[in-house]
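Colleague: Build me a model:
(2 chains)
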Amino acid sequence: MSAPLLDVRKLTLRFGGLVAVNSVDLQVRPGEIAAVIGPNGAGKTSLFNAITGIYEPTSGEVWLHGRDVRAPLTARVYAGWAAAGLLVAALALVSVANVDGLWAAVVKAHNPWEFTLTGALVDGWRYLGAEPRVEARFSKFSVVSFDGLQVRGSHADRSAAEHQRNQLAGQRADAATQKALWLRWLAALGGLAVGVLGARAMWYRNRRSPQRVALQGVARTFQNIRLFHHMTVIENVLVGMDRHLHLGSVGRGATANAALAGKVPRRGALDFALPLAAVGALTGLGWFTGDGVDDQGAPTVLLAVFVLAALAWMVRIFRNKALSSAGRVVEAVARQEAMELLRFVGLDARAGDLAKNLPYGEQRRLEIARALATRPTLLLLDEPAAGMNPAESVELMHLIRRIRDDGRTVLLIEHHMRVVMGISDHITVLVHGTPIAHGTPEEIRSNPKVIEAYLGTEDAEAHG
Amino acid sequence: MTVAGSWRKWLSLEAGLLLFAVLYPLVPFVDLAADAADLSVHLDQRLVTIFIYGLLVVALNVQVGYAGLLQLGVAAFFGIGAMTTGVVTVDKYPFHFGFWGALLAAPAVAALAGLFIGAPTLRLRGDYLAIVTLGFGEVLRTVLVNLESITDGPRGLNPVAEVWVPGFVRELAGAGDDNEARLLVMYYVALLLLVAAVVLLHVLERTRIGRAFVALREDELAAACMGLDPGRIKLAAFAGGAALAGLAGALYATNLTTTADPTNYDFNNAIMVLCCLILGGLGSLRGALLGAALLIGFDNVLSPLLDKAIAALAGDAQHPLAKYSAWRWFVFGSALIAMMRYRPEGLFPARRVAQELHEPPAGSTAAVEPS
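Modeller: The predicted model follows:
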């Protein structure tokens, strides 16, 4: 037998004192149609929500394709935490060291035309280290303490002042300096801790997010239909397709579609050239007109290039109705694929209608089409036959079988026993969150525990 | 399609207004007519202000209209754009980026600030986000005033670099009249940037990003289960809106040649911008522009015009209260109240936002019920 596609291991979900799902083990193999049944309130939807990342399980694990669905702890994640920590530490350090003072020490200490980037970095480092610095005061160069309160010496020229400052460097024993240094260390370390812990907490919360589970090939429908009601039918499907519409993945979509194969351009040269020319000309303009350059020739040409490139870019975008020519083709391909999906579920005639105007049964089918648009390997259906008449349920059974025949695996929750018994390969029975039986439809139908759970016994009646 | 048909397609209200805006400074017939009637209002100067506020309202529309993030701190990003422009262009600091450099720097800094504020707060919903962004706006204004050695506090940094004028424009405007030439360049730069922003966003609404915004507004959980990352999409909207607001701030500071008076970056201004957006219609670019034109134009064009007209009529006998500008807030407030009563979705609402306002979808806020 093949390895399970979905492997739920000892999953428990507790809400306060209520145990909604109690140590459930569930395996679904590729190409199967599996079902979860049970009386109302048995924890079936909670199980689905825990699998799809909407709820964080109290304990237990969910594995997909032989891997834990939770994001693994990689070196990149650690690097991200470290970056967040350093960022917050730097901000805390600068705030404690006084932004105004830092600005004065770095930018205002020199005349504007003497400013250099390396000089600024050295000055900034010295300021944060609470070292004395040179300041231009009353047409003299004074050596002042880090907080600017004590003047250690005054010189007529800058080099003499810098010489004295270099001699004083490292002598930071006085009480005020010591206190400032302590505070700065404290702020930097505190900031580092807050940043790292905050980033870790965010990561911890997001490592099982619904979008992460969806990107691993799990799509679902909802018991209470959750369509995008004010979008049209085809737009709903296009949202489901969204993850496949990155320009990078154009190729796959296009080759699947014979009519458009070979028509997908590499991003047009103009898509790059026009914005590049506009921003380049703007940067050049900034360069030429920034520091009092009197030359009128080059900036005028650059201005003309900027305006023309910007206008041409805008006209191009406006006419294409897409940000790039490749984007336009991707959209066309996506619409064709969406129509094919709608044909598959029998909704192609209603592509332009608002989702909320569809009758109930068609809304259920649209939800399935939207879920299929994400190209899932595992499709979770939460009571797909709810509110359907017998004819519609039969149609639904055919649809689910066709989905399975397309190579997708299906796990469903259902109350209609005709549907469940008719299409499932395996059935798991949940009662009060606890799995009481697992097997083929025939085994489940004759299992005394299942019959007891659904119909009750005289004993249970007496206790209830 | 016939030639006549394709021409008719372009003959819309927008195209007419755009043509007027493009031609206006070249054919100043409005000003000439006004001069003849002794009612000079310098419409071109006031139009620049309207363009800048139009950009700001469009920016807020990205956050409030598209992504559904009710944010009340837009004036703070406006202020960050203006202050950045001041810092990178004034003489006393060593950066000297000039006007064009500031146009790149201001949105970049504002977008960074947007990311920084957005990342921890966008988990909040609705009213809570509004409160946090309101607080952020007020804190930022106080910080800007108190960082006196950088921003020069309430006096503001000045002179901010003026818009750079190429030689041929100077000649066109007439030698010696530098103000006229600067105004001409400022006018076209503001118009170009506004039109560029509107075109970009108009197209964006129709791409997958625009669809993702709508899906997120309708049902965040369902969108997440389709593989959309709500956090990233919201953050992109927040940072993008902040960048546009920063650009508006850069234009504003350049237009005034100072960053002075931090009251321009406070809560009142943010509410004014939000009023423009709500009056025009949430989520709709046409509405945003109309709202800016009506409310800012109301303040900047209509009230001085009416004041002058009344003064001309009344002569010396004018009572101090018989001035339109004394009553303009009254008129403004009554108009807004009437608006909320009879047309809460705004004058030109986006089709979808109007539907959402009139009947919230049943499943949008309810949690998934366990069965």
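Colleague: where exactly do the strands run in the stretch 251-371 of chain B?
Modeller: With DSSP state E, counting those that start in this stretch as the criterion, the stretch 251-371 of chain B has no strands.
Colleague: Spit out the contact partners of whichever residue of the stretch 301-450 of chain A sits closest to chain B.
Modeller: Residue nearest to chain B within the stretch 301-450 of chain A: residue A:314 (4.6 Å; CB to the nearest CB). In this view, the C-beta of every residue, glycine as well, is placed from N, C-alpha and C. Applying CB atoms under 8 Å, 6 or more residues apart in numbering or on different chains to residue A:314 gives the contacts B:195, B:196, B:199, B:200.
Colleague: you'd agree it is in a helix?
Modeller: Yes: the assignment for residue A:314 (DSSP: H, G, I helix; E, B strand; the rest coil) places it in a helix.
Colleague: picking that back up, contacting chain A as well, which ones from the contacts of residue A:314?
Modeller: With CB under 8 Å from any CB of the partner chain as the criterion, the contacts of residue A:314 include B:195, B:196, B:199, B:200 near chain A.
Colleague: out of those, who's nearest chain A?
Modeller: When the ones next to chain A among the contacts of residue A:314 are compared for distance to chain A (CB to the nearest CB), residue B:199 wins out at 4.6 Å.
Colleague: Now for that closest one, how many residues are close by?
Modeller: Per other CB atoms under 10 Å in any protein chain shown, the neighbour tally for residue B:199 reads 17.
Colleague: just checking, it touches residue A:317?
Modeller: Yes: between residue B:199 and residue A:317 a contact is recorded at 6.0 Å, counting by CB atoms under 8 Å.
Colleague: near chain A, which residues of the stretch 201-350 of chain B?
Modeller: Within the stretch 201-350 of chain B, the positions lying close to chain A (CB under 8 Å from any CB) are B:202-204, B:206-208, B:211-212, B:214-215, B:218-219, B:221-231.
Colleague: one more time with 6 Å, if that's ok
Modeller: For the stretch 201-350 of chain B, the residues in contact with chain A (CB under 6 Å from any CB of the partner chain) are B:203, B:206, B:208, B:211, B:214-215, B:218-219, B:222, B:224-229.
Colleague: Please spell out the PyMOL selection for the buried subset of these.
Modeller: Here is the PyMOL selection string for the buried members of those, based on 16 or more other CB atoms under 10 Å in any protein chain shown:
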select buried, chain B and resi 203+208+211+214+215+218+219+222+224+225+226+227+228+229
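Colleague: mind listing what the residue of the stretch 251-400 of chain A found nearest chain B touches?
Modeller: Residue nearest to chain B within the stretch 251-400 of chain A: residue A:286 (3.0 Å; CB to the nearest CB). For residue A:286, the contacting residues are B:97, B:98, B:100, B:101, by CB atoms under 6 Å, 6 or more residues apart in numbering or on different chains.
Colleague: which of the residues you listed tops the neighbour count?
Modeller: Ranking the contacts of residue A:286 using other CB under 10 Å puts residue B:100 first, with 26 neighbours.
Colleague: which secondary structure element contains it?
Modeller: Per DSSP states H and E: residue B:100 is located in helix B:98-121.
Colleague: How are the helices of the stretch 201-350 of chain B distributed by residue range?
Modeller: Under the criterion DSSP state H, counting those that start in this stretch, the stretch 201-350 of chain B contains helices at B:208-218, B:220-225, B:230-256, B:267-280, B:285-297, B:303-314, B:324-342.
Colleague: The stretch 101-250 of chain A too?
Modeller: A:117-128, A:158-168, A:175-206, A:210-215, A:233-241, A:250-255.
Colleague: before we move on, the earlier item: want to try a markdown table for the ones next to chain A among the contacts of residue A:314, with secondary structure as columns?
Modeller: Output for the ones next to chain A among the contacts of residue A:314, formatted as a markdown table (three-state DSSP):
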| residue | secondary structure |
| --- | --- |
| B:195 | helix |
| B:196 | helix |
| B:199 | helix |
| B:200 | helix |
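Colleague: tell me which of those is nearest to residue B:240?
Modeller: residue B:200 (9.8 Å; CB to CB).
Colleague: The closest one and residue B:81, how far apart?
Modeller: Taking CB to CB, to the nearest Å as the criterion, residue B:200 is separated from residue B:81 by 18 Å.
Colleague: quick one, which of those two is more surrounded?
Modeller: The residue with more neighbours, out of residue B:200 and residue B:81, is residue B:81; 36 against 18, by other CB under 10 Å.
Colleague: What is the burial count for the residue of the stretch 101-250 of chain A found nearest chain B?
Modeller: Ranking the residues of the stretch 101-250 of chain A by distance to chain B (CB to the nearest CB) places residue A:115 first, at 3.2 Å. Look at residue A:115: counted by other CB under 10 Å, it has 18 neighbours.
Colleague: residues touching it, list them.
Modeller: Neighbouring residues of residue A:115 by CB under 6 Å, 6+ apart: residue B:94.
Colleague: Residue A:366 now?
Modeller: A:233, A:347 are the contacts of residue A:366 under CB under 6 Å, 6+ apart.
Colleague: can you rerun that using 10 Å?
Modeller: With contacts defined as CB atoms under 10 Å, 6 or more residues apart in numbering or on different chains, residue A:366 is in contact with A:221, A:225, A:227-228, A:233-234, A:236-237, A:341-342, A:345, A:347, A:350, A:353, A:355, A:358.
Colleague: Tell me which residues touch residue A:33, please.
Modeller: Residue A:33 sits next to A:379, A:381, A:397, A:400-401, A:403-404, A:408-412, A:420, A:422-427 when contact means CB under 10 Å, 6+ apart.
Colleague: please redo it, this time with the cut-off set to 8 Å
Modeller: For residue A:33, counting by CB under 8 Å, 6+ apart, the contacting residues are A:400, A:401, A:404, A:409, A:410, A:411, A:412, A:423, A:424, A:425.
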